[in-house]
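1. compute the structure for the input listed below.
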Amino acid sequence: MKSVALIGSNGFIGRHLVRRLKREKDVSLFLFGRSDLSFFKEELPYTRINFYDQESLKKNFEKIDLVYYLASETIPSTSWEDPLIEMEKNLKPFLFFLEAVSKLNIKKIAFVSSAGTIYGTTEGKVNESFDKRPFSPYGIVKLTMENFLRYYQTKYQIQFDIYRLSNVYGEGQDTSKGLGIINTFIEKIKTEKKVTVFGDGGSTRNYIYVQDAVEFLTLSLSSMDKSGTYNVSSGDTFSINQLLSILKSTVSEDFEIVYESGRKSDNSFIDLDNSDLVSNFQLYKFTDIREGIRNTYIYIESQIKSKIG
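-> Purely as a prediction, here's the structure:
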């Protein structure tokens with residue numbers, strides 16, 4: 001039986017990952033977050049985490065084998081305006097956590113990183129060894145956190161997995177902070193019949209349905225004795241304009257597209273090579289983006305109706 005802790009269990013990806021890990025018969029789950037209450041209430045043990053209380057961290061994680069670290073308090077656009085917030089909200093808590101648990105018996109830390117921000121704007125397919133050129137404070141700090149994992153592995157022999165996620169979408173994503181272009185577009189289509197595009201719509205990115213993303217995160221359970229770094233994407237690449245065309249044909253609703261000036265914090269092109277990850281899931285079939293969008297649309301539509309009702 002593996003004891004698995006998940007930091008950031010109340011977040012979008014965290015909630016889906018908890019549901020996925022609950023299906024594992026040899027896993028005991030322990031949830032952690034920064035809020036007082038757990039999304040899963042009394043269903044699973046939950047602790048409000050204090051990254052600056054070293055003794056409490058040691059006590060809570062002393063019997064844990066694997067830690068999934070998904071905690072993040074910022075987004076690229078906000079960190080662009082206030083780079084110091086990245087240090088305070090993300091980097092410092094992460095380092096305090098690593099320092100507290102480094103001398104325990106934790107075998108592995110699985111860290112969710114951001115492919116779209118750490119590589120910067122690229123040309124052609126990008127594999128995990130590609131030069132990292134982050135241009136936002138968010139991406140710079142994510143890459144720094146990755147490098148600290150390598151430091152702690154060298155010093156304390158703690159294995160790690162780094163999952164560099166592409167643009168994740170799906171049911172339950174909170175768009176209020178400005179993350180999640182597909183979910184944001186769907187919400188705007190349903191509520192305003194209008195979407196806003198920053199730039200000319202030519203920005204090209206990878207996307208992955210959240211249930212596919214969390215399936216790949218389970219790789220850490222079967223590779224406890226080694227470290228790895230993986231691009232997590234479906235392999236499909238679309239420009240914003242192509243994405244809007246798919247949305248129009250999938251949701252069958254008319255909407256206006258408004259183009260505004262591009263944002264400096266946005267990446268204009270990235271195309272991830274996911275072959276290293278997929279080699280561990282050779283029979284896996286990705287969710288088609290139209291199916292994923294349809295599922296997300298139905299979910300958002302139901303949420304809007306429940307609020308109105």
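2. flag every buried residue along the helix or strand bottoming out on mean pLDDT in the chain.
-> Least confident helix or strand of the chain, by mean pLDDT, DSSP states H and E, is helix 76-81 with a mean of 86. By 16 or more other C-beta atoms under 10 Å, the buried positions in helix 76-81 come out as Pro76, Ser77, Thr78, Ser79, Trp80. C-betas here are computed from N, CA, C, even on glycine.
3. the nearest residue to the last one once chain neighbours are set aside: what's it in contact with?
-> Leaving aside its sequence neighbours, Trp80 sits nearest to Ser265 (C-beta to C-beta, 6 or more residues apart in numbering; 4.0 Å). For Ser265, the contact set (C-beta atoms under 8 Å, 6 or more residues apart in numbering) comprises Pro76, Ser77, Ser79, Trp80, Ser136, Tyr138.
4. quick check, the first one in contact with Gly139.
-> So that's Pro76. Yes: with contact defined as C-beta atoms under 8 Å, Pro76 reaches Gly139; the gap is 6.9 Å.
5. okay, and the common contacts of the two?
-> Thr117.
6. just the strands in the stretch 51-200 of the chain please.
-> Using DSSP state E, counting those that start in this stretch, the strands of the stretch 51-200 of the chain run over 66-69, 108-114, 125-126, 159-165, 167-169, 194-198.
7. what's the fourth one packed up against?
-> Packing contacts for strand 159-165, counted by 3 or more C-beta pairs under 8 Å, 6 or more residues apart in numbering; DSSP states H and E, involve strand 108-114, helix 115-118, helix 137-156, helix 210-217, strand 228-232.
8. distance from the first one to the middle of the chain?
-> Strand 108-114 has its average C-alpha position 9 Å from the chain's average C-alpha position, going by C-alpha atoms, centre = their mean, to the nearest Å.
9. okay, it in CSV with CA atoms only?
-> Output of strand 108-114 as CSV, limited to C-alpha atoms (Å, rounded to 0.1, in the frame of the first residue of the first chain):
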residue,chain,number,x,y,z
LYS,A,108,9.2,10.7,-4.9
ILE,A,109,7.7,14.2,-5.5
ALA,A,110,5.5,14.6,-8.6
PHE,A,111,5.5,18.3,-9.6
VAL,A,112,3.0,19.8,-12.1
SER,A,113,4.8,22.4,-14.2
SER,A,114,3.8,24.5,-17.2
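10. thinking again about what came up before, so which of the helices and strands packed on strand 159-165 gets nearest Lys58?
-> Each of the helices and strands packed on strand 159-165 has some distance to Lys58 by C-beta to C-beta; the shortest is helix 137-156, at 13.7 Å.
11. what does that closest one contact?
-> 74-76, 79-80, 83, 85-87, 90-91, 94-95, 98, 102-103, 109, 111, 113-114, 116-118, 120, 132, 134, 158-160, 162, 227, 229, 265.
12. what of stretch 172-181?
-> Stretch 172-181 is contacted from outside by 12, 15-16, 75, 77-78, 167-169, 183-184, 187, 210, 240, 243, 299, using C-beta under 8 Å, 6+ apart.
13. I am finished for the moment; much appreciated.
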